[in-house]
Structure formats: C-alpha cells, structure tokens
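> I would like to see how this sequence folds:
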Amino acid sequence: MRTQILASIISVAFLGACTQAPQDINEPSSEAKMPISKAADIWPKLDIEVKADPAVEQKVTDIMADMTLEQKIAQMIQPEIRNITEEDMRKYGFG
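This next block holds a predicted model:
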C-alpha cells in the first residue's frame, strides 16, 4: 500500500514538472541580448577573403582537364585511413 502511494506521489510530481511552459530555445537569455550595433563594435573588421589568382586558377583548370571522372571522384572521397589498404590507395587514387 505504501509503495503504491509513493509511486503515485512520484508520478504526480513528474507530470507536474512536465506541464510547465517550456522556454523558447531560440530566444536569447536576457544577459545574452546585446544590440547588434554594440556587438559589432567590439569585433575587428577582418579582410581574410581568399583572392582569386588567375595563374592558380589556370593550373587547376589544366590539371582537372587531364583527369578522368574516376580520378575526380577519388579526389573527393576521403576514406578513413584505418578502413583502407595501401592497395586500395593505389587502385582508386583517393585524395
């Protein structure tokens, strides 16, 4: 009898906790709210964009023109080193 009463009390407590309104996880907390202009002021402006180099672009184009479809696919596949053999590397030319 006591076990049933205890189980009922625990069940009610769990169900009561589930009925509380959840917080919106997309809404930042009050301490995280900072005006965008103020947040942007504390970060430096960086100029790290990769600039196109015509010589490099031409070399890449030339290399890719000489490659077969199989070689291009093999360059895009990055198998886990422990899952392939040396023979697989030679056969498929993984990049």
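> Could you list the low-pLDDT ranges of this structure?
Residue ranges of the chain with pLDDT under 70: 1-3, 6-8, 11-37, 95.
> Do a quick rundown of the helices in it.
In the chain, the helices defined using DSSP state H lie at 2-18, 36-41, 54-66, 69-76, 86-92.
> mind giving me TSV with the ones you listed and columns for mean neighbour count and distance to Ile48?
Placement of C-beta: from N, CA and C, glycine included. Formatted as TSV, those follow (neighbours: other Cβ atoms under 10 Å; distance: least, Cβ to Cβ, whole Å):
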stretch	mean neighbour count	distance to Ile48
helix 2-18	9	48
helix 36-41	8	17
helix 54-66	9	17
helix 69-76	12	25
helix 86-92	11	34
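> Format those helices as TSV; extra columns: distance to Asp47.
Shown next, in TSV, are the helices of the chain (distance: least, Cβ to Cβ, whole Å):
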stretch	distance to Asp47
helix 2-18	51
helix 36-41	16
helix 54-66	19
helix 69-76	30
helix 86-92	39
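> Could you report the distance from Ile81 to Gln75?
Distance of Ile81 to Gln75, given as Cβ to Cβ, to the nearest Å: 16 Å.
> Over to Leu69?
11 Å.
> got it, and Thr61?
In terms of Cβ to Cβ, Thr61 sits 15 Å off from Gln75.
> Repeat that for Thr68.
For Thr68 relative to Gln75 (Cβ to Cβ), the value is 11 Å.
> before we move on, what about Arg90?
For Arg90 relative to Gln75 (Cβ to Cβ), the value is 15 Å.
> again, but for Ala52
21 Å.
> Hmm, Phe94 and Ile77 touching each other?
Yes - the criterion here is Cβ atoms under 8 Å, and Ile77 meets it with Phe94 at 5.6 Å.
> Of these two, which one has the most company?
Phe94 (16 against 11; other Cβ atoms under 10 Å).
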